[in-house]
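> below is the sequence, then the predicted model.
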Amino acid sequence: MMKGWLPLVVGLSLVGCIPWFVPREDSHQIIADSAAWCWFADPRAVVYKGRTYVGWVNDAGDIQVGAYDGHAQEWNITTLHPALQVDDHANPALLVLPAGRLMAFYSPHSGAPMYYRITERPGDISSWTEARELGVNTEGRHGYTYPNPVLLSGEENRIYLFWRGANYKPSFSTSDDGGKTWSAALTLIEGRGARPYVKYVTDGDRRIHFAFTDGHPRKELANSIYYAFYENGAFYQADDTLIRTMADLPFDPAEAHLVYDGLRPEGRAWIWDIALDHEGQPVIVYTALPLETDHRYRYARWTGGRWLDREVVAAGGWFPQTLEGVKERETYYSGGIYLDHQDPSVVYLSRPVRGVFEIEKWTTTDGGAIWTSEAVTAGSLKNNIRPVVPHGDRQNGPDLIWMHGDYTHYTEFQTQLKMKPAGRED
């Protein structure tokens, strides 16, 4: 067969089938030649007034932010912090402030300090304030990891910053003056697990939603998935049952709503994303992990009375390229799954196809019982992993961004960021 030639396959885009058009590996735009991110510091990509902002760390350890002008169809990239740390856990998380200025939070992996910077002007990433330090943390030796900023307009634009604290637990602080000062750090979740992992989403008004685990699946044999939400100084289960007030924190995972029991035959789990449907109800995607070599993507949504939880598709095994003779350290690193936060009936996921991890778009019209799929990438020579859909009205910006390239470990990667432009049909 001629090198570079791909056969045309005609057929319906049904589950497990190849779509009628197969995209070429080189058919997507490269954002950055060196870039990576973990999936627990978010948002990694946000949209504001037609501009898309994306944050990452490169293989020199530089913390960078890119801005995409959809009309000019071009990227501008700036370095916030050179040589912070070569570690994909150091990627920045982004927040758009009410006047349109961009705020970026970042720290070394389990290190200190937690930095944040703010653009001098709305829509312009070329000029930032000097780096400031958060200055508050829970007690312990584990520093900061995974910033997740949230702003609630219904609380007079209070900023909530969540992170994994020095005590290895989900922690947070608040600011009522745009980041000038911060409250004392509090522990959010305290359970039997050594280090719960959390994904956050907000309605932007009064609620913050949490989906989380007991701990790391490598450490917790029955790692489960839980859900809770915050509103007006208190925390609740999905059915509005009170868990605790802010004054009574932390809460135990067992007090929250159980979405998936890690004692099930499908095995332990790990959280990947949470979004809100058009009625404001939570939708969660995660992996069930019966074996290190058998990961399963699952989709759970709250109907208002119960959780509907279904498998989407088998996800293969781990994606890091394990060196010969070396025992893989991250056997629960799946290719990745992410919800479209504008329409969480759509998910983007990465799974192996003919030995290479490819990105696919999966869609359901019945809450996850039946899915259709189409390829975003195909025939790739290198892996495509950790897809992200920018938060907000994407308009002319990218519909999807992902990592592409070689990845051995979270401190050793040669990956690019690629994008699928808005509205383009592959």
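Right, received. Where do you want to start?

> whichever strand or helix holds residue 308 pairs with which strands, parallel or anti?
Element membership of residue 308, judged by DSSP states H and E, is strand 307-316. Strand 307-316 sits in its sheet next to strand 294-302 (antiparallel), going by DSSP bridges.

> quick one on the thing from earlier: for the strand holding residue 308, give me every contacting residue.
For strand 307-316, contacts defined as CB atoms under 8 Å, 6 or more residues apart in numbering pick out 15, 227, 238, 257, 259-260, 285, 287-288, 293-301, 334-335, 337, 347, 349-352, 357, 362, 367-369, 371, 373. In short, each C-beta sits where N, CA and C put it, glycine included.

> mind listing what's buried along it?
Buried residues in strand 307-316, counted by 16 or more other CB atoms under 10 Å: 307, 309, 312, 313, 315, 316.

> show the subsequent helix or strand relative to the strand ranked longest in the chain.
The residue-count maximum for a strand in the chain (DSSP state E) belongs to strand 398-409. Following strand 398-409 in sequence order, the next helix or strand is strand 412-421 (DSSP H and E).

> check which helices and strands that following strand sits against.
In terms of contacts (3 or more CB pairs under 8 Å, 6 or more residues apart in numbering; DSSP states H and E), strand 412-421 is packed against strand 29-32, strand 398-409.

> angle of the longest one against strand 412-421?
Interaxial angle, strand 398-409 versus strand 412-421 (axes from the mean of the first three to the mean of the last three CA atoms, to 10 degrees): 170 degrees.

> now do strand 398-409, average pLDDT.
For strand 398-409, mean pLDDT rounds to 97.

> do stretch 415-423 as well
Mean pLDDT, stretch 415-423: 90.

> that older thread, okay, the helices and strands packed on strand 412-421, which one's buried deepest?
Mean neighbour count (mean count of other CB atoms under 10 Å) peaks for strand 398-409 among these, with a mean of 22.

> tell me the strands beside that one, with direction?
Paired neighbours of strand 398-409 in the sheet (DSSP bridges): strand 383-388 (antiparallel), strand 412-421 (antiparallel).

> shouldn't residue 345 be in contact with residue 363?
Yes: using CB atoms under 8 Å, residue 345 is in contact with residue 363, at 6.2 Å.

> neighbour count for those two, which is higher?
residue 345 (19 against 15; other CB atoms under 10 Å).

> and the gap between that one and residue 162?
27 Å (CB to CB, to the nearest Å).

> next one: residue 154
18 Å.

> look at the two and report which has more neighbours.
Between residue 154 and residue 162, counting by other CB under 10 Å, residue 162 is the more crowded of the two (22 against 13).

> so what touches the helix or strand that contains that one?
Assessed by DSSP H and E, residue 162 sits inside strand 158-164. Here strand 158-164 makes contact (CB under 8 Å, 6+ apart) with 40, 95, 103, 105, 107, 110, 114, 134, 142, 144-152, 170-176, 178-179, 182, 188, 195, 198, 200, 208.

> 6 Å instead, please
Applying CB atoms under 6 Å, 6 or more residues apart in numbering, the contact partners of strand 158-164 are 144-152, 171-176, 200.
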